[in-house]
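**Student:** Pasting a predicted model and its sequence here:
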Amino acid sequence: MGIGKPFARKEKPVLALDIGSNTVKVMRLQDRSGSLVLKAVGLKELPPEAIIAREIQDRETVIFAIQGLVEESDPKAREVAISVSGSSVITDELVMDRKSGPEAEQAILFEAEQRSPFDVEDVTLDYHIINVDQETEKMQVLLVAVRNQFLQSQLDVVSDAGLEPVLVDADSLAILNCYELNYEIDPTKVIALVNLGFDITNVTFIKDGLYHSTRDLVGGARSIYEALRGDFQLSSEKALEVLRGGVEGNLEPDTYKATLGGAAEEICKNLDMALFYFKNSTKLEDIDQIMLSGGGALIQFLPELLQTKLSVPIETMNPLRNIECDRALFPDLDLEKIAPALALVVGLASRRIK
Ligand SMILES: Nc1ncnc2c1ncn2[C@@H]1O[C@H](COP(=O)(O)OP(=O)(O)OP(=O)(O)O)[C@@H](O)[C@H]1O
Ligand SMILES: [Mg+2]
């Protein structure tokens, strides 16, 4: 798998495919004299049982959704980039003596084998050199270990949908790429990128203008979906509709807020803990900002709730900020509105294959 090859020109575009637990997303970007242009985009919601925490439960449904989406959005696409996270994916950061070429690879993989909590036989390992400190001659490396069985099941659905997987990324790196593509990183600010999905919340910390570390939390909008069903006896379709479209015409705002508060407690607690560990390990007092993305950023009253509970200023990320979009080409999508849900697929789509 190839991780961390940042956007470079003159390489072949691929279709980015984000197989989320709730919504499958596709996107293709084109480089037009240095600026990125949106060529294809599409989203398709899955039934909530088809994928649970990124583990595919109902292969047929997922394959069908991918095929339908590609057919509607970019029918000629064949090569795709996918991204992985969840409990079968472990990331770890390490600092080691600077090396280059095959020597670096050997040393990194040796180190990885000592650290991976999985059995090396069971995982595919990859790495990304994040930063090289010229003064200390040390390099910071991000390791990614993916359980083979999980990786294979992701690759298989892609192949069975008639596509060819050519790149596998880690969610947190795709989110980081998306942020770097759209925002100027302020080296004086400590930022947490929080991608709040249906089952997984990716948290990536940026410090001194650089990637610092990442953590995938289990939990997301599914708990709100379940609470809506339980508290208001809503059907699955209706609960998903409220999550997507808000309470208007469906529920009384205050009772919805009460349910939301209870349902989001676990995710708030986990996020708070992730921020706490980060602050503890870096001896920092504060995190300047949370950049929120993922479909969770679109759920009514949720960003405000997170801001209050976590006491960190929250801004909703706009993953299309630096991307040229001809809205007339995508009349069925309200791109402005759904943009935050596209963070991961934008990050993936900004890669190029050699
Ligand atoms: N306009 C919208 N379009 C799509 N999803 C939306 C919209 N508004 C809110 N959402 C909510 O976003 C949530 C899905 O978020 P997201 O697409 O980031 O999850 P996912 O990528 O499918 O899941 P995960 O990454 O956890 O596997 C759902 O609860 C969905 O209802
Ligand atoms: Mg997602």
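**Tutor:** Nice, I can see it. Numbering: from 1, shown residues only. Ligands and ions are numbered 1, 2, ... in the order given.
**Student:** Name the next helix or strand downstream of the helix or strand of the chain at the bottom of the mean pLDDT ranking, please.
**Tutor:** Using mean pLDDT, DSSP states H and E, the weakest-scoring helix or strand in the chain turns out to be helix 101-115, at a mean of 87. Sequence order places strand 123-133 as the next helix or strand after helix 101-115, per DSSP states H and E.
**Student:** got a list of contacts for that next one?
**Tutor:** 1-4, 93, 98, 104-105, 108-109, 112-113, 116, 138-148, 151, 173, 210-211 (C-beta atoms under 8 Å, 6 or more residues apart in numbering). Placement of C-beta: from N, CA and C, glycine included.
**Student:** ok, now stretch 245-256?
**Tutor:** Contact with stretch 245-256 is made by 231, 232, 238, 241, 242, 300, 301, as judged by C-beta under 8 Å, 6+ apart.
**Student:** Tell me who's in contact with the residue in the stretch 201-350 of the chain positioned nearest to ligand 2.
**Tutor:** Residue nearest to ligand 2 within the stretch 201-350 of the chain: residue 344 (5.3 Å; C-beta to the ion). Residue 344 makes contact with 18, 20, 25, 83, 171, 174, 175, 178, 195, 202, 293, 294, according to C-beta under 8 Å, 6+ apart.
**Student:** That one: which element?
**Tutor:** helix 343-349.
**Student:** Would you mind naming what in the stretch 201-350 of the chain lies close to ligand 1?
**Tutor:** Taking C-beta under 6 Å from any ligand atom as the criterion, the stretch 201-350 of the chain approaches ligand 1 at residues 220, 221, 240, 243, 244, 294, 295, 296, 298, 299, 338, 341.
**Student:** and residue 332, which of the three is it?
**Tutor:** coil (DSSP: H, G, I helix; E, B strand; the rest coil).
**Student:** Use 11 as the first number for this chain going forward.
**Tutor:** Yep, numbering from 11; the last one is residue 342 now.
**Student:** Just the pLDDT at the residue of the chain most remote from its centre, thanks.
**Tutor:** In terms of distance from the mean C-alpha position of the chain, residue 145 ranks first, at 33.0 Å (C-alpha atoms, centre = their mean). We have a pLDDT of 92 for residue 145.
**Student:** distance of it from residue 223?
**Tutor:** 21 Å (C-beta to C-beta, to the nearest Å).
**Student:** cool, residue 252 as well?
**Tutor:** Distance from residue 252 to residue 223, by C-beta to C-beta: 35 Å.
**Student:** Show the contacting residues for residue 222.
**Tutor:** Shown in contact with residue 222 (C-beta under 8 Å, 6+ apart): 103, 215, 216, 288, 292.
**Student:** Got the phi and psi for the fourth one?
**Tutor:** Read that as residue 288. phi -60, psi -50 (degrees, to the nearest 10).
**Student:** Repeat that for the second one.
**Tutor:** For residue 215, the backbone dihedrals are phi -100, psi 140 (criterion: degrees, to the nearest 10).
**Student:** which residue packs closest to it, ignoring adjacent ones?
**Tutor:** Leaving out its chain neighbours, the residue that sits closest to residue 215 by C-beta to C-beta, 6 or more residues apart in numbering is residue 222, at 4.2 Å.
**Student:** how close does that neighbour sit to residue 200?
**Tutor:** 8 Å.
**Student:** Report all helices and strands that the least confident helix or strand of the chain contacts.
**Tutor:** Here helix 111-125 touches strand 99-107, strand 133-143, strand 148-157, going by 3 or more C-beta pairs under 8 Å, 6 or more residues apart in numbering; DSSP states H and E.
**Student:** List the buried residues in stretch 88-103.
**Tutor:** Neighbour counts over stretch 88-103 (16 or more other C-beta atoms under 10 Å) mark 90, 91, 92, 93, 94, 95, 96, 98, 99, 100, 101, 102 as buried.
**Student:** meant to ask about stretch 318-338, not that
**Tutor:** Quick answer for stretch 318-338 (16+ other C-beta under 10 Å): 319, 320, 322, 324, 327, 328, 329, 330, 333, 335.
**Student:** after whichever strand or helix holds residue 74 comes which helix or strand?
**Tutor:** Assigned by DSSP H and E, residue 74 belongs to helix 69-83. Toward the C-terminus, helix 69-83 is succeeded by strand 89-94 as the next helix or strand (DSSP H and E).
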